[in-house]
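**Student:** here is a sequence together with a model predicted from it:
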Amino acid sequence: MRIRPLAALSVAALAALTLAGCSSSAAPSASPSTSAAADLCSAKVKSGAASDAVKVSGSVGKEATASFDKPLDITALQSSVVTKGSGDKIRNGDLVQFALTEFNAQTGAKNGAIGQTDGTLLPQQISANSVLGQVLGCATVGTRVVATIPGDESNPASVDIVDVLKVVPNAAWGTPVDPKEGFPKVKLAKDGTPSVTLPKGDIPTAFEKETLKKGDGPVVAAGDGVLVQYYGVSWNSGKVFDKSWGKQPFSFTVGSGVVQGFTDAVKGETVGSQVLAVLPPSVAYGTGTINDKDLKGQTLVFVVDILGVQHGTAQ
């Protein structure tokens, strides 16, 4: 996309990166199986001697405790259900909020825990071809599984306790707010995809934004990782130049890797919110000859749905 996504966001636990599929250096041994099924239920790997040997205690959604004979011999990706949740089944393409506690398979020491508190781990889009999808399958919300992850010389094998906390909507869910006069008008399709009607008159020369839906989640701050849906229109041409809708949500670190106006659009807003922002060239792609290739000289309009935040991911 034109907003230049960053490489991986950093998180506290290596396995969170591996399972989420957002690590810049995921261990080869933690790659999804090449025989992954298209159906999420069929994609789940089987339990086995290693995963069944792990005894887990603690409540779903809290840091887990695990005990097993050490070293635990892990030769394949395995997953055993510890607790079956009473919620809905997760589906291929869902944005899943999960929590993870990881242990070193050789020593039993806890490597870390993440996701147990709001704003500490971005939701991840699940698929049958991801490690997360093969660990969870079509598990129900509230389910806890224990996964055994093979390792290599640089990434030791691990025991990962994964809790399915909820499915996050793929569009902003906040309370609607009356739009401002003179701003572009936004219309939403049934699936949440926006379209924009630009007002007549002079093109704005200053950054402006308005909140169209006010979410109930954590506040986005500089240095946070954030997951969004976005829809971009050039005020100069009236054309849509980029969007995440129909692809997958976009993650970035606030204050890095995107144009300044895109950062300003989400900073200070809450998860679940929808924001409309007007970016003049000074906070977009700069001045210059207007053209469709690099967006220089153009004033841009973004509709941004904020789906998740991970506090303090900047390095």
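**Tutor:** Arrived safely.

**Student:** quick one: Phe241 and Trp235, what's the gap?
**Tutor:** As judged by C-beta to C-beta, to the nearest Å, Phe241 and Trp235 stand 11 Å apart. (C-beta placed from N, C-alpha, C; glycine too.)

**Student:** could you work out the end-to-end span of stretch 104-119 for me?
**Tutor:** 25 Å (C-alpha to C-alpha, to the nearest Å).

**Student:** quick one: buried residues of that stretch?
**Tutor:** For stretch 104-119, the neighbour count (16 or more other C-beta atoms under 10 Å) marks 104-105, 110-111, 113-116, 119 as buried.

**Student:** swap in stretch 273-286?
**Tutor:** In stretch 273-286, counting by 16+ other C-beta under 10 Å, buried: 273-281, 283-285.

**Student:** how about stretch 122-142?
**Tutor:** 122-139, 141-142.

**Student:** mind checking which of those are in helices?
**Tutor:** Among those, the members found in helices (DSSP state H) are 131-136.

**Student:** list just the nearest of those to Ser79.
**Tutor:** The shortest approach to Ser79 among these belongs to Val135, at 4.7 Å (C-beta to C-beta).

**Student:** for the closest one, what are its contacts?
**Tutor:** For Val135, the contact set (C-beta atoms under 8 Å, 6 or more residues apart in numbering) comprises 19, 44-45, 77, 79, 145, 147, 160, 162.

**Student:** pull the most distant pair out of those residues.
**Tutor:** Largest separation among those by C-beta to C-beta: Lys44 and Asp160, giving 14.5 Å.

**Student:** of the two, who's got more company?
**Tutor:** Ranked by neighbour count (other C-beta atoms under 10 Å), Lys44 and Asp160 place Asp160 first, with 29 against 21.

**Student:** which strand or helix spans that one?
**Tutor:** According to DSSP states H and E, Asp160 maps onto strand 158-168.

**Student:** and if you look at Lys247?
**Tutor:** Counting by DSSP H and E, Lys247 is part of no helix or strand.

**Student:** same question for Thr263.
**Tutor:** helix 260-266.

**Student:** Leu132 contacts Ile126, doesn't it?
**Tutor:** Yes. Counting by C-beta atoms under 8 Å, Leu132 does reach Ile126; the two are 5.6 Å apart.

**Student:** intersection of neighbour lists for those two?
**Tutor:** Taking C-beta under 8 Å, 6+ apart as the contact rule, the neighbours common to Leu132 and Ile126 are Val96.

**Student:** show me the contacts for Val275.
**Tutor:** Counting by C-beta under 8 Å, 6+ apart, Val275 has contacts 209-212, 265-266, 269, 302-304, 306.

**Student:** from these, list just the buried residues.
**Tutor:** Buried among the contacts of Val275 (16+ other C-beta under 10 Å): 209-212, 265-266, 269, 302-304, 306.

**Student:** alright, calling it a day.
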